[in-house]
Structures are given as C-alpha cells and as structure tokens.
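# have a look; sequence and predicted model below, questions after that.
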Amino acid sequence: MPLNESGCSKHWVLDPVSSLVEENSTLSFINPTSIGLLNHINNESLLESLLSILIGILSILSKSSQQLKDPRGGGGVEELYLEHYGELTLLVSQQQSSQQLTSSIFQHHVSTNIDQLDAVVREIILNTALRLNRAVEKVSFKSHYILGELYYEKNKYLESLRSYLMAFALQSSFFTNTRKAIDQLTDMSRIVFKLSNCLIQLGYPMQAVAVNQILLPTTATQLQNQTFSTCFKIIQDHLNTLDSLYFQYIFEIPILELLINHYNRLKDTKKLTLLNQLISSPILNEFNHPDIRTNFQKTTKINLLKSLAIDFLFN
C-alpha cells in the first residue's frame with residue numbers, strides 16, 4: 001500500500017461524497033465535489049448509475065487503446081451509442097481525453113503489453129457489472145443494454161445477444177404490447193449491427209439478414225444501400241446455411257429476389273415455392289398505400305424480435 005509523507009499507509013477516503021476516490025488519485029474526475037456526479041445518481045437507480053459509469057469508462061478505454069495502437073487514427077473504433085445510456089455516461093466518457101489517459105494510466109505499460117492490460121480492465125468492468133445485476137432483484141432494461149455492450153466487447157456473442165433481446169423485451173413489452181414495441185424500434189436500430197454480428201458469429205446468418213431490415217426503409221440513401229449490401233454479402237457468404245423458417249420475416253423485394261435467384265440455381269423447389277409465395281403476397285404490392293406497407297413492416301420487425309427471443313431466451 002502506498003505511504004503518505006509521514007510514512008504511514010495512505011488511507012482511502014471514506015466520507016460519503018468521495019468514498020470511491022483514493023486521496024490524491026489521478027482519477028479525481030470521479031470526485032463529485034468537482035463536477036457533481038452524485039447529483040445524477042439521484043435521478044436514477046444506483047445500479048443503473050453505476051453501470052452508466054462503467055459504460056462511460058469502457059468508451060474511454062476503447063478510444064485510448066485504439067490511439068495507442070494507431071496514433072494516426074486510421075483504424076477507427078466500433079461505436080458505442082453513448083447517448084442511448086444517458087447524461088451520466090456522456091459525462092464520464094468526456095472527463096478524460098485519450099491523451100490524458102494515455103499518460104496517466106497506459107503509458108507505463110505500453111512498452112510491455114497493452115493488449116493484456118486492456119483485457120484485464122475490461123474483464124473487471126464486465127464482472128463488476130454482472131455482480132451488480134445479480135445483487136438487484138429487478139434490473140432495468142438500460143442495464144441489460146449495457147451488459148450487452150460489455151459482453152460484445154468480450155466477444156461473448158450469445159450472452160450479448162441475450163442481453164440485447166432482454167433489454168428490448170423489458171423496454172417495449174413486445175410480447176403483450178405490439179403498438180408500444182413499434183414505437184420503441186428506434187432504440188433497437190441503434191444496435192442492429194451488433195445484433196447481426198452476434199447472430200453471424202453464432203451461425204445464424206438468415207436471422208442476421210432479417211435483423212438488418214430493422215434499419216429499413218430509410219430516407220438516407222447511403223444507409224439504405226449499405227444495409228442492402230450487408231444483407232447481400234451475408235447471403236452470398238452463407239448460401240448453404242440459411243434457415244428457411246426466417247424467410248417469412250423478409251419483406252424487402254431485392255432481398256427476396258436474391259434468395260429466389262439463388263434457390264432457382266440450386267433447384268430447391270421447396271424453398272422456391274415458399275419464397276415465391278412471400279414475394280407474391282398482396283401486402284407487398286408496390287401500389288398499396290404507404291401506410292399499409294409501413295405498418296406491415298413494423299409488425300414484421302416486432303414478430304422477428306419475438307421469434308429471436310423465443311429461440312435465444314427461452315430455449
């Protein structure tokens with residue numbers, strides 16, 4: 001334990017406002033007397049507040065680690081949607097710049113093994129979050145979203161997928177309130193890429209294609225083209241492992257046409273028949289009123305999430 005000027009062991013500050021901060025610590029940005037962090041905890045449950053702090057710290061770690069590995073900034077960091085987790089997460093994530101953290105925490109270790117240090121810290125964050133959740137009888141949907149992010153950072157894709165689905169189930173009550181769930185779809189769209197990647201890593205490419213449709217339709221042409229390109233690539237890379245049970249959740253004509261073309265070449269009449277029935281459905285007629293098509297798409301997205309919940313939460 002470090003010693004103070006008198007030669008005695010340096011103590012930890014135990015007063016209510018600074019109990020998390022070691023005296024003279026470089027992590028003084030947590031000190032609520034300087035920026036008022038505890039004022040935000042009054043507005044949320046303690047658990048959710050602590051998890052919000054953890055996800056903010058995780059954002060700092062990601063940026064700092066990437067900067068050390070690629071000082072020119074060419075690699076990019078997979079985005080954490082910090083705004084989704086509230087003001088406290090944003091506040092923590094902005095307290096230290098990557099440069100400051102590099103000098104105060106990582107610089108001493110960078111010549112040895114930055115990856116090992118980074119992995120240890122992330123493991124601590126994940127296990128802390130898990131213990132907090134187990135200690136609380138009723139966990140909020142936001143806490144499950146944060147757990148999903150933490151699991152994803154650890155490449156624990158099944159746990160991440162389950163956490164995301166549980167979060168949306170709690171947030172939207174999609175098994176009992178479809179209308180409410182439809183209104184909450186914007187939140188789910190924030191993590192579509194990660195949901196899709198979890199499914200691909202677990203060997204469920206057709207489910208991943210269907211999930212990507214949550215981003216469609218959109219008025220942003222670039223996003224729309226990117227989403228279609230992603231779906232086409234998934235199909236082409238996993239031609240022989242597509243689950244036909246999830247064809248029913250495909251409503252975008254270009255995706256259905258690609259699937260039909262593929263199974264036509266394979267002479268798979270069973271799947272061809274199913275796909276032709278889907279693409280010929282009156283509900284997909286381009287001359288329908290836009291509201292009819294939009295409502296159908298939203299309902300289909302919710303039904304998809306229900307099926308994923310049944311497959312991955314209850315089985």
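Ah, there it is.

# against I250, how distant is I260?
11 Å (CB to CB, to the nearest Å). (Each C-beta comes from the backbone N, C-alpha and C, glycine too.)

# more crowded one of those two?
I250 (21 against 17; other CB atoms under 10 Å).

# which one is that one nearest to, not counting chain neighbours?
Excluding the flanking residues, the one nearest I250 by CB to CB, 6 or more residues apart in numbering is L256, at 5.6 Å.

# neighbours of the one you found, how many?
L256 is flanked by 19 other residues according to other CB under 10 Å.

# and T186, by the same measure?
9.

# now it: which helix or strand?
In the assignment (DSSP states H and E), T186 maps to helix 185-189.

# right, and the helix or strand after that helix?
For helix 185-189, the following helix or strand on the C-terminal side (DSSP H and E) is helix 192-201.

# for that next one, list every residue counted as buried.
Within helix 192-201, the residues scored as buried using 16 or more other CB atoms under 10 Å are V192, F193, K194, L195, S196, N197, C198, L199, I200.

# keeping just the C-alphas, turn it into CSV.
Output of helix 192-201 as CSV, limited to C-alpha atoms (Å, rounded to 0.1, in the frame of the first residue of the first chain):
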residue,chain,number,x,y,z
VAL,A,192,-28.6,-3.6,-35.3
PHE,A,193,-25.1,-4.1,-36.5
LYS,A,194,-24.1,-5.7,-33.2
LEU,A,195,-27.2,-7.9,-33.1
SER,A,196,-26.4,-9.0,-36.7
ASN,A,197,-22.8,-9.8,-36.0
CYS,A,198,-23.7,-11.8,-32.9
LEU,A,199,-26.0,-13.9,-35.0
ILE,A,200,-23.4,-14.4,-37.7
GLN,A,201,-20.7,-15.4,-35.2
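
# give me the mean pLDDT for the helix or strand just after it.
Using DSSP H and E, the helix or strand that follows helix 192-201 in sequence is helix 205-212. Per-residue pLDDT values over helix 205-212 give a mean of 96.

# which helices and strands sit right next to the following helix or strand past helix 205-212?
Note on helix 205-212: by DSSP H and E, the next helix or strand toward the C-terminus is helix 221-237. Under the contact definition 3 or more CB pairs under 8 Å, 6 or more residues apart in numbering; DSSP states H and E, helix 221-237 sits against helix 192-201, helix 205-212, helix 253-266.

# now tabulate these in a markdown table and tack on distance to K233.
A markdown table is the format used below for those (distance: least, CB to CB, whole Å):
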| stretch | distance to K233 |
| --- | --- |
| helix 192-201 | 10 |
| helix 205-212 | 10 |
| helix 253-266 | 11 |
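
# looking at the ones you listed, which is nearest to T294?
Nearest to T294 among these is helix 253-266; the distance by CB to CB comes to 14.9 Å.

# what does the closest one contact?
The contact list for helix 253-266 (CB atoms under 8 Å, 6 or more residues apart in numbering) reads 209, 213, 228, 231-232, 235, 239, 242, 247, 250, 271-272, 275-276, 278-279, 284.

# stretch 163-172 now?
So stretch 163-172 is in contact with 140-145, 147-148, 151, 174-175, 180-181, 183-184, 187-188, 191, 194-195, 198, 305, 308-309, 312-313, going by CB under 8 Å, 6+ apart.

# ranges for the strands of the chain?
Along the chain, counting by DSSP state E, no stretch forms strands.

# looking at it, which helix or strand is least sure?
In the chain, the helix or strand scored least confidently by mean pLDDT, DSSP states H and E is helix 32-35, which has a mean of 39.

# that older thread, show the buried residues in the contacts of helix 253-266.
Buried members of these, counted by 16+ other CB under 10 Å: 209, 213, 228, 231, 235, 242, 247, 250, 271-272, 275, 278-279, 284.

# surely Q207 touches S244?
No: here Q207 does not reach S244: they are 11.7 Å apart, not a contact under CB atoms under 8 Å.
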